[in-house]
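>>> need the 3D shape of this:
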Amino acid sequence: MQNPALPACRDSDERILVVITDGEDRASIAKPADLIEFVKARKVKVYVVGLLGDMSKESGVLAQSPAKKSKDFLLKLAKDTGGRVVFPKDKDTADAIVDSLFSQNYVFPK
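Numbering: from 1, shown residues only. Okay, the predicted model is just below:
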């Protein structure tokens, strides 16, 4: 059911990209900062579903854990582009994830 407070897609010129990812960089050519600038220059808001559940939370002596590094990047990507990010829990349903991502009461996670 469509929320009457929100415009239909055809009535909006807003650009939104929805990304479902763990955020881990496996073989990128672009640097994270360059990617963010590329997206911002095109006025695209990035909405992210961050799947960090199975990532290692252990950090090394000189490096962040993969989970922390990915979370920090996804938070920055969403915030810098004017988008949103959610980090679902294992028990969350797809409906709950979408609702929290597009909620009018959205609160940016920390």
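>>> so the residue positioned nearest the centre of the chain bridges to which residues?
Per Cα atoms, centre = their mean, the C-alpha nearest to the average position across the chain is that of V48, at 2.2 Å. When bridges are assigned using DSSP bridges, the partners listed for V48 are V19, V85.
>>> show me the shaky parts of the protein.
Low-confidence segments of the chain (pLDDT under 70): 1-11, 55-62.
>>> just the helices in it please.
In chain order, the chain shows helices spanning 32-41, 66-81, 94-102, with DSSP state H as the criterion.
>>> Serialize the ones you listed to a markdown table and add fields for distance to G23 and mean neighbour count.
Every residue, glycine included, has its C-beta placed from N, CA and C. Written out in a markdown table, the entries for the helices of the chain read as follows (distance: least, Cβ to Cβ, whole Å; neighbours: other Cβ atoms under 10 Å):
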| stretch | distance to G23 | mean neighbour count |
| --- | --- | --- |
| helix 32-41 | 10 | 14 |
| helix 66-81 | 3 | 19 |
| helix 94-102 | 15 | 14 |
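>>> ok, which of those comes nearest I20?
Relative to I20, the nearest member of the helices of the chain by Cβ to Cβ is helix 94-102, separated by 9.2 Å.
>>> compute the inter-axis angle for that closest one and helix 66-81.
Counting by axes from the mean of the first three to the mean of the last three Cα atoms, to 10 degrees, helix 94-102 points 50 degrees away from the direction of helix 66-81.
>>> chain neighbours aside, what residue packs nearest to G23?
Counting by Cβ to Cβ, 6 or more residues apart in numbering, the nearest residue to G23 once its immediate chain neighbours are dropped is S70, at 3.4 Å.
>>> I'd guessed the one you found sits against D22; true?
Yes. Shown here, S70 and D22 form a contact pair, counting by Cβ atoms under 8 Å, at 6.0 Å.
>>> follow-up on the earlier one: got JSON lines for the helices of the chain, with distance to L52 too?
Supplementary listing: these in JSON lines, determined by distance: least, Cβ to Cβ, whole Å:
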{"stretch": "helix 32-41", "distance to L52": "16"}
{"stretch": "helix 66-81", "distance to L52": "5"}
{"stretch": "helix 94-102", "distance to L52": "13"}
